[in-house]
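sequence below, structure please.
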Amino acid sequence: MLFNSYLFILAFLPAALLGYFALRKAGRHSLSLMFLTGMSLVFYGYFYPPYVLLLILSIFVNFFLSGPIRNAGGGRRKLLFATGLLFDLGLLGYYKYFNFFLENLNVFLAEDLPLREIILPLGIS
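Sure thing, here's the model as predicted:
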């Protein structure tokens, strides 16, 4: 769904705004934020639904590392931060650069390793 499509302008955006502001007006601040998060996942999943699971996995990994990072001290904090960073960079490296490195490896080693058909998730960069 594109931002300038009729589906977005006439259906998705009004539904998202109406739901968000109705929940806010009803005093349900936390629920309004959860609704907006859900609508964001729906928007993201419109392109390729299986990647919503990838996004949710990334969100949960980073969320569950944030508490221990906040409460840890010194070296443990840096290790937890590096773990989260490596996880995110690993996803980026696989989805965006795997075939690039494989092509270069094929040239360097004079091999013919097959490339994978990887669809780049929206917003991964």
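
tell me the secondary structure for the residue nearest the centre of the chain?
By Cα atoms, centre = their mean, the chain has its centre lying nearest to Leu55, at 3.5 Å. For Leu55, the secondary structure call by DSSP: H, G, I helix; E, B strand; the rest coil comes out as helix.

that one: what's it in contact with?
Each residue near Leu55 by Cβ atoms under 8 Å, 6 or more residues apart in numbering is listed here: 41, 44, 121. Quick note: C-beta positions are derived from backbone N, CA and C, even for glycine.

got a list of contacts for the host helix or strand of Val107?
Here Val107 sits within helix 98-109, counting by DSSP states H and E. Here helix 98-109 makes contact (Cβ under 8 Å, 6+ apart) with 111-113, 115-116, 118.

looking at this structure, which residue ends up farthest from its center?
Ala110 (35.4 Å).

what are the phi and psi values at it?
phi 50, psi 40 (degrees, to the nearest 10).

mind listing the helices for the protein?
Ranges of helices within the chain are 6-7, 13-25, 29-45, 50-71, 74-92, 98-109, based on DSSP state H.
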